[in-house]
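*Asks:* build me a structure from this.
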Amino acid sequence: MDELVNFRDLGGMVGFGGKKIRLNRLLRSAALITPIQIGYDLKQVVDLRSEDEVNKNPDIVPKGAKYIHAKIKMDGSVKGKKIGGIVFCGRIASCNTYLLKVYTGFVTSEAARSGFAILIKACLNNLTGATLFHCVAGKDRTGFAAAILLKILGVSDTDIMTDYMKTEEARREVNKMFIARYKRRGLIFKRQQEALAVIMGVRPEYLQAAFNEMDNAYGGFNEYLAQGLGVTPQDVLRLRELYLEA
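*Replies:* Coordinates of the predicted model:
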């Protein structure tokens with residue numbers, strides 16, 4: 001899987017009752033915008049990108065896999081300014097604020113909740129083989145989606161955060177190339193490049209902000225599942241049956 005950026009199989013992580021997540025069942029990655037041989041029993045691809053992002057760079061889905069578009073837009077601005085302008089001005093703190101708002105928006109936005117609910121439904125419907133889910137970089141929407149699924153399966157908060165932070169290493173070289181490209185295009189000042197690095201990275205406080213918002217808005221994770229995503233206790237039990245080893 002060296003060709004696919006920020007890819008990993010969530011299998012092997014310890015979940016509810018000490019049972020491990022089955023291998024080759026839940027895969028996460030960046031977008032599939034180049035021809036790639038996955039090498040897994042891939043049954044479905046769930047694309048978490050917005051409609052505009054998909055239209056610009058549609059997935060090249062491996063033969064035999066079903067494509068599902070969950071449509072989650074990265075909403076967020078800081079004091080009315082869009083993220084491109086914030087980066088160009090080198091406002092590092094504002095970049096951090098932007099991502100915090102994005103993650104709380106994953107919880108509060110009805111459109112975002114609809115997209116994450118589509119992913120969970122797809123996982124419920126996939127009885128065998130792998131579901132691969134992704135966004136653009138495989139870090140924010142994908143990172144939050146992975147965290148939801150892992151928490152449903154009973155993975156500890158510590159292990160969930162460890163998986164989330166693996167993105168920093170998995171995207172390190174790609175991000176360096178990305179920053180170098182934008183340096184050639186005009187981001188010549190160090191603070192501009194540092195601001196861009198913030199936008200392309202992950203921090204524990206981003207994911208934690210989303211879980212805190214679940215507590216604030218719903219009273220906890222289980223209530224968020226039920227009220228925000230329409231996931232029933234029976235769905236949770238079924239997901240554990242499907243994705244945890246016997």
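*Asks:* tell me the secondary structure for the spatially closest residue to Leu225 that is not a sequence neighbour?
*Replies:* Of all residues not flanking Leu225 in the chain, Val231 sits nearest, at 4.1 Å (C-beta to C-beta, 6 or more residues apart in numbering). No exception for glycine: its C-beta is placed from N, CA and C like everyone else's. For Val231, the assignment made with DSSP: H, G, I helix; E, B strand; the rest coil gives coil.
*Asks:* check contacts around Val231.
*Replies:* 117, 120, 152, 225 (C-beta atoms under 8 Å, 6 or more residues apart in numbering).
*Asks:* need the max-distance pair from these.
*Replies:* Ala117 and Ile152 (12.3 Å; C-beta to C-beta).
*Asks:* these two: which has the busier surroundings?
*Replies:* Under the neighbour definition other C-beta atoms under 10 Å, Ala117 and Ile152 were set side by side, and Ile152 has more, 22 against 17.
*Asks:* residue contacts, that one?
*Replies:* Ile152 sits next to 120, 225, 231, 236, 239-240 when contact means C-beta under 8 Å, 6+ apart.
*Asks:* which of these sits closest to Lys139?
*Replies:* Nearest to Lys139 among those, counting by C-beta to C-beta, is Ile120 at 19.6 Å.
*Asks:* for Val14, see how far away that closest one is.
*Replies:* Here the criterion is C-beta to C-beta, to the nearest Å. By it, Ile120 lies 21 Å from Val14.
*Asks:* more neighbours: which of the two?
*Replies:* Comparing Ile120 with Val14 by other C-beta under 10 Å, the one with more neighbours is Ile120, at 22 against 15.
*Asks:* using the three-state scheme, assign the most centrally placed residue in the chain.
*Replies:* The centroid of the chain falls nearest to Thr142 when counting by C-alpha atoms, centre = their mean (1.1 Å). Classification of Thr142 using three-state DSSP returns helix.
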